[in-house]
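Enquirer: Sequence and computational prediction follow.
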Amino acid sequence: MDDDDTTPGLVDAGALDALASEMDDIERALARLDDGSYGTCEVCGDRLPAETLEDRPGARHCAAHLPVVSG
Ligand SMILES: [Zn+2]
């Protein structure tokens, strides 16, 4: 039996994953707004560039400490 993953009416699982991780980032960002650490790198504590926050409001790492996304 061929099990195609072309299920009609379902959003692509990868897109859902990306969305869920983005929402997770935003939730964390909101929590960090509360404790005053929003906009700083979680690793080195440097302030993130404004353009990084504009691009990804939920960013938690400076360019040097961005987690490597693989797969
Ligand atoms: Zn950093």
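Expert: Done, it's in.

Enquirer: Distance check, residue 28 against the ion.
Expert: According to C-beta to the ion, to the nearest Å, residue 28 stands 16 Å off from the ion. No exception for glycine: its C-beta is placed from N, CA and C like everyone else's.

Enquirer: tell me the pLDDT at that residue?
Expert: Residue 28 carries a pLDDT value of 89.

Enquirer: For the chain, which segments count as strands?
Expert: Using DSSP state E, the chain contains no strands.

Enquirer: So in it, which helix runs the longest?
Expert: Longest helix of the chain, by residue count under DSSP state H: helix 13-35.

Enquirer: Flag every residue of this protein that's near the ion.
Expert: Residues of the chain lying close to the ion by C-beta under 5 Å from the ion are 41, 43, 44, 62, 65.

Enquirer: isn't the fourth one right next to residue 46, touching?
Expert: Right, residue 62. Yes - at 5.1 Å, residue 62 counts as touching residue 46 under the criterion of C-beta atoms under 8 Å.

Enquirer: Which one's more surrounded, the two?
Expert: For residue 62 versus residue 46, the count of surrounding residues by other C-beta atoms under 10 Å is larger for residue 62: 18 against 14.

Enquirer: can you pull the contacts of the more buried one?
Expert: Contacts here follow C-beta atoms under 8 Å, 6 or more residues apart in numbering; on that basis residue 62 touches 41, 43, 44, 46, 48, 49, 52.
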